[in-house]
Each structure stands twice: as structure tokens, then as C-alpha cells.
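Trainee: Structure for the following, please:
(chains A, B, C and D)
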2 protein chains.
Amino acid sequence: MAAKYRVIVDTLEKELIEGVYIETKKIPTEEELMSRFGVSRNTIRKAIEVLVSRGYLYQVQGSGIFVREAAFKGYVNLERLKGLTTDFPTNKIETKIIDFKLTHADKDLAQKMRCEEGSSVYFVNRLRMVDGKPFGVEYSYFNKAIVTYLNEEIIQKSIYDYIRYDLNLTIGFADRIIYADIISDKDAKILGLPKNSPALINDNIVFLNNGEVFDVSRTIHHYRNVKLLKLSNFRE
Amino acid sequence: MAAKYRVIVDTLEKELIEGVYIETKKIPTEEELMSRFGVSRNTIRKAIEVLVSRGYLYQVQGSGIFVREAAFKGYVNLERLKGLTTDFPTNKIETKIIDFKLTHADKDLAQKMRCEEGSSVYFVNRLRMVDGKPFGVEYSYFNKAIVTYLNEEIIQKSIYDYIRYDLNLTIGFADRIIYADIISDKDAKILGLPKNSPALINDNIVFLNNGEVFDVSRTIHHYRNVKLLKLSNFRE
DNA sequence: AAGTGGTCTAGACCACCGT
DNA sequence: CGGTGGTCTAGACCACTTC
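Mentor: Numbering: from 1, shown residues only, chains lettered A, B, ... in the order given. Okay, the predicted model is just below:
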């Protein structure tokens, strides 16, 4: 049984994406939402708070709840980490597997993954494409003690969906380091870029909700095809 | 009179930075915090929620509230946008003013700033240094209708502190686009980089809490001296 | 003054973790 | 099982915006 506030979040998020409140740039008041969904004020406020943190809305005391018109399209939204499929719902996503094997964690990886050196890990190297354009090269390690099984069919699709819905694990949080560098010759070739092009690089350490690391990855993004969007809130 | 939960946030944040909970990697239970601060459970939960969103903590149902050990040092934390002084509390921050003038918004800027074309805007071009190393070149426009006065002395220090504490405005939220590109010859010279180096670029549109845009800026970061840190939460 | 969001309380029951 | 966080309610009072 899903929590009430999550149902409200999903409902309003869908309406926001559909553009229901585009004209008024304002959504109904808390009072109106309370009677629409038949819940208490705190439950409405909890739902709104989630939508604010996702960058959809902002609240003005004494005035109302407004729609935040950010240019989402074409950007990777750092607040909604559900994979390329969610960021580009209307685009064609392709995945090419470059390498896939079971291997062992070296010292550096073991430290990042908070596991023993030599532990079994899956290595996945994929090229992601959006609308036929190279998007990024991904080098990813999964802790086999947690992600017990992977195969080519699974990694061809969404690994995260598999982890969530098939392995029934709850993804908790991630540390992401974002920087630019000169691309390696190998990655330049994969992405179809000239040598010594810039690269937008993203190093991730991804945790389950209990604090265990299950994924350590690095993505080399095509610097002309990828822009990240960060929607910040200062209020808190 | 500051809100109770804000006082709790400030107190716990200070303790977390001081490393009070480093050994146990765990902070007291909600019940213990309730009696320590003499507030209701919801107030404690509100405070914890803020610290979770700032990347300090994570919660595990049935188990407790844990310290998130992220490598903060040397990174610009995207969750805590209070300027370089906060991200590098122990480092020496320098600011060199390259250009400063009152000018008018062109069409592109007016669109981003949601103001009339030709409106008065302050233009500020600064080089920021951390520990003597070039950090980034900042090109910033402030809407004069909101930020009514600026001078060299103010922009030499923290413009944001001035806006907050002297002009008494409340900063609300920001849209930040992050990408990589080939640096311009001009910026390369300023940052002391070879021609055609990569650059980590950050375009910002910053809003007051009532939704008005007061700042539109672009920062060209030194690609070897700057890394951004994004602490994501999947739970919501 | 009326409307709307911001803060806070007290209490209830559920879900999950560990012993 | 007890401990701990997750969800939800009903109601109060305050702060700010708008008219």
C-alpha cells in the first residue's frame, strides 16, 4: 500500500508534466488540495515539499504555490536520478555493450566500495546513445555480494530497474563528483570526438538505503551533447 | 526569532562539521533529540530532513540516523550554495575585479532575467582564487531594479551576503546548467591555462523567494582546480 | 481584513531492524 | 520482542501577501 503523500506526488507530477497548471503558473492552495485528496494539511505539505525538491514548484508565503518554469528538455536533471529513460521520455535511447565481465576489486575500487580487496565485482562498460547521438561512455562496477547476478540481457536494458524491481533492493543515495578533463584517446574514438576534446566526467558512488555501496561508476559525457541541470533551493 | 528547527539544524550542523559523531557514525535517536532540544517529534524530523538534504545524514528505518561520510574537502558542494567562503572555510579566498559597470540588458539577458529589454543591470566580471590558485572567471548580471546599488567595495567581498543582510532580500532558488566546453582564449589567459583547454562551465539563473530573477551569471571554472559534488537522495 | 503558507504540538499507528 | 524511523491526523498560532 503506497503512502498517501506519494500518490499525491505522482498525481501532481503527472499533471505538471502534462502542463495542467501552465497557464495560471499556480497550483491550488493547500486547503483546496486537502479537500481534493481528502487528507490532512501535513500530508499535502509533505507532497508539495517533494515536488519542490524535484524542482517543479516553489512556495511563496502569503501568496501561493507556483510552477517553476525551468527548461527541462534536453538536460539531465540532477534531482531526478532515474536514468536516461526518465530524463528523455520522448527520445530514443540505445545502449551498446563494449565490455562485460566478472572480475575482482583492486585496492582503489575496494576503498570506494567499502568492501574487501579482491571481492567479486561485475564490470560493465557501455556506450549510451540518445536519438542516435553518442551521449556518454559508462564504466561501472557492481558489488556481486549485493547485485548477485547480471547478464547481457539485463545490462542491455536498465540495470537500475532490475536492481529495484527484480532484486527488490532500495536505492538510497549517491555521491556524485562532476568535473571536466581532456578526454582519453580511447573514449574520444568511442564518442566520435577529435583527440584532446573536453569531456564532462561524472564519478558516482551509489548506496542502498542501509548505507551499503553497490555501484561505483564513471561516465565520460560527450561535451557537446550533454548538459546537466541542477535545480537548487536556498530556503531550507 | 529564528524557527526552532533552524536552531536545531545549525547546532547539529556545527557538531557534524566538528566531527562530534564521527566515531559512532550515528547521531542520537529522534526521541533523544526531542528531550535534548525540548521540542516535538515533527520539529526534530523537520531539522533532520534539512540535514539529509544537505548531504550530512541518512536515515534507516528501524535502525537509526547515520553520518554520511562524503569527501567534502576540496569540492564545491552543490547542495550548499552559500559561496566559496562556506565551501572552503579554511582556505584563502581572493577576488580580483576585472570589470564592473552599469549597463543595459540585451534581448537574450532580458529573456533570462524576465525583465524588459534595455533595463538597467550591473555587470560584474571577477576572477576568484582559492589558496592562490585560479578557481574560475565569473560573468554576472544583477537586475538593478532589485539590487539597487553596488560598488567596488561590495563586489570585492561577498555580493550574496550584501544582498541577504544589507538589502534584506531572501534568495529563493536557482537553475544551474553545468557543462564542459573548449575554453576561450581570453578566459584561458585569465586562468593561466593553455589555449583550447577544457572548461567546466556553470550557467546560473538565481531567483528571490517570490520568483523574481535578480542574478544571471556564467562561471568558467579552471578544469584542474575545480570539482563539483552533488549529494543525491533517491528516497523521496 | 481575508487569504495563504510557515511553524509547532501531541498523539496515534505502522514498518522495519536488531536481539 | 523492544527500539527506531515512516506516515498521518487535528488543531493551533504566526508571518506574509493581497486587496
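Trainee: and A:Ile154, backbone torsions?
Mentor: phi -70, psi -50 (degrees, to the nearest 10).
Trainee: I'd like to know how far the closest residue to it other than its chain neighbours sits from A:Thr219.
Mentor: Excluding the flanking residues, the one nearest A:Ile154 by CB to CB, 6 or more residues apart in numbering or on different chains is A:Tyr162, at 5.0 Å. (Each C-beta comes from the backbone N, C-alpha and C, glycine too.) Remark: distance between A:Tyr162 and A:Thr219 (CB to CB, to the nearest Å) = 18 Å.
Trainee: what number of residues lie near A:Tyr160?
Mentor: 17 (other CB atoms under 10 Å in any protein chain shown).
Trainee: what about the nearest residue to A:Leu169 once chain neighbours are set aside, which SS state?
Mentor: Using CB to CB, 6+ apart and skipping the chain neighbours, the partner closest in space to A:Leu169 is A:Ile163 (5.3 Å). Three-state assignment for A:Ile163 (DSSP: H, G, I helix; E, B strand; the rest coil): helix.
Trainee: most remote residue from chain A's center?
Mentor: A:Gly62 (33.7 Å; CA atoms, centre = their mean).
Trainee: helix/strand/coil for that one?
Mentor: coil.
Trainee: Tell me the spacing between it and DNA strand C.
Mentor: Distance of A:Gly62 to DNA strand C, given as CB to the nearest atom of the strand, to the nearest Å: 3 Å.
Trainee: now A:Lys195
Mentor: Distance from A:Lys195 to DNA strand C, by CB to the nearest atom of the strand: 48 Å.
Trainee: neighbours of that residue, just the number please.
Mentor: 10.
Trainee: Return the backbone torsion pair for it.
Mentor: phi -60, psi 150.
Trainee: what do you get for A:Ser120?
Mentor: The phi/psi pair for A:Ser120 (degrees, to the nearest 10) is phi -70, psi 130.
Trainee: what's the pLDDT at the residue lying closest to it once chain neighbours are set aside?
Mentor: Distances taken as CB to CB, 6+ apart place A:Lys144 nearest to A:Ser120, at 3.9 Å, with adjacent residues excluded. Confidence at A:Lys144, expressed as pLDDT, is 95.
Trainee: following the helix or strand of chain A with the lowest mean pLDDT, which helix or strand comes up?
Mentor: Among the helices and strands of chain A, helix A:84-87 carries the lowest confidence by mean pLDDT, DSSP states H and E, at a mean of 70. Next in sequence after helix A:84-87, counting helices and strands by DSSP states H and E, comes strand A:93-104.
Trainee: Kindly export that following strand (C-alpha atoms) in PDB.
Mentor: Only the C-alpha atoms of strand A:93-104 are listed here, as PDB (Å, rounded to 0.1, in the frame of the first residue of the first chain):
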ATOM      1  CA  ILE A  93      17.700   5.600 -26.000                       C
ATOM      2  CA  GLU A  94      20.300   3.000 -27.300                       C
ATOM      3  CA  THR A  95      22.800   1.000 -25.300                       C
ATOM      4  CA  LYS A  96      25.900  -0.600 -26.800                       C
ATOM      5  CA  ILE A  97      27.800  -3.100 -24.600                       C
ATOM      6  CA  ILE A  98      31.500  -2.600 -25.000                       C
ATOM      7  CA  ASP A  99      32.700  -4.900 -22.300                       C
ATOM      8  CA  PHE A 100      31.100  -7.100 -19.600                       C
ATOM      9  CA  LYS A 101      32.800  -9.400 -17.200                       C
ATOM     10  CA  LEU A 102      33.100 -10.700 -13.600                       C
ATOM     11  CA  THR A 103      36.300  -9.600 -12.000                       C
ATOM     12  CA  HIS A 104      37.900  -8.600  -8.700                       C
END
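Trainee: can you list the domains in chain A?
Mentor: A:4-67, A:76-229 (the TED database).
Trainee: Okay, now the unreliable bits of chain A?
Mentor: Chain A contains residues with pLDDT under 70 at A:71-73, A:81-83, A:85-86, A:89, A:235-236.
Trainee: Enumerate the residues of it near DNA strand C.
Mentor: A:1, A:29-31, A:41-42, A:45, A:59-65, A:210 (CB under 7 Å from any atom of the strand).
Trainee: Buried ones only from those residues, please, as a ChimeraX command.
Mentor: Buried residues within these, by 16 or more other CB atoms under 10 Å in any protein chain shown, are selected in ChimeraX with:
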select /A:59,65
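Trainee: Between the residues of chain A next to DNA strand C, which sits nearest DNA strand D?
Mentor: For the residues of chain A next to DNA strand C, the minimum distance to DNA strand D (CB to the nearest atom of the strand) is 2.2 Å, reached by A:Gly62.
Trainee: For the residue of chain A found nearest chain B, list the residues it contacts.
Mentor: As assessed by CB to the nearest CB, chain B sits closest to A:Pro198 within chain A, at 3.3 Å. Contact analysis of A:Pro198 by CB atoms under 8 Å, 6 or more residues apart in numbering or on different chains lists A:Ala180, A:Asp181, A:Ile182, A:Ile183, A:Tyr223, B:Ala180, B:Asp181, B:Ile182, B:Ser197, B:Pro198, B:Ala199, B:Tyr223.
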